[in-house]
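Engineer: give me coordinates for this.
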Amino acid sequence: NPIDAEARSMKDGDRAKVFNDRGELVIDVKVTNRIVPGVVAIPQGGWYTPDEKGIDQRGAANVLTSQRPTPLAKASTQLSNLVQIKRA
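Structural biologist: Here you go, the predicted model:
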């Protein structure tokens with residue numbers, strides 16, 4: 001969201017580091033009003049491309065998720081992860 005991007009001095013095309021206690025990745029930024037402030041959308045897919053330090057460079061969201069299924073639905077946890085974001 002533009003509010004979040006401005007707070008982090010980020011704009012379309014910048015690279016962002018997205019991280020939590022499980023891992024980190026770097027992905028291109030797309031700023032849009034079509035997402036709620038405080039929320040990040042990372043397209044899912046099999047793009048895992050780690051650099052020499054093991055940091056994914058193409059946005060593989062699974063590096064940020066738990067291996068455990070959700071308690072109620074026994075589903076993937078990729079929709080409910082807390083992350084931090086800063087300019088890469």
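
Engineer: going forward, measure contacts and count neighbours with C-alpha atoms only.
Structural biologist: Noted.

Engineer: so where do the strands sit in the protein?
Structural biologist: Ranges of strands in the chain, per DSSP state E, are 15-19, 24-28, 84-87.

Engineer: nearest to Val36, of the ones you listed?
Structural biologist: strand 84-87 (15.2 Å; C-alpha to C-alpha).

Engineer: what does that closest one contact?
Structural biologist: Arg8, Ser9, Met10, Asp14, Arg15, Ala16, Lys17, Val18, Phe19, Asn20 (C-alpha atoms under 8 Å, 6 or more residues apart in numbering).

Engineer: any of these buried? List them.
Structural biologist: Neighbour counting by 16 or more other C-alpha atoms under 10 Å classes Met10, Arg15, Ala16, Lys17, Val18, Phe19 among the contacts of strand 84-87 as buried.

Engineer: quickly list what the last one is bridged to.
Structural biologist: According to DSSP bridges, Glu24, Gln84 are recorded as the beta-bridge partners of Phe19.

Engineer: so it sits against Leu25, correct?
Structural biologist: Yes: look at Phe19 against Leu25 with C-alpha atoms under 8 Å: they come within range, at 6.4 Å.
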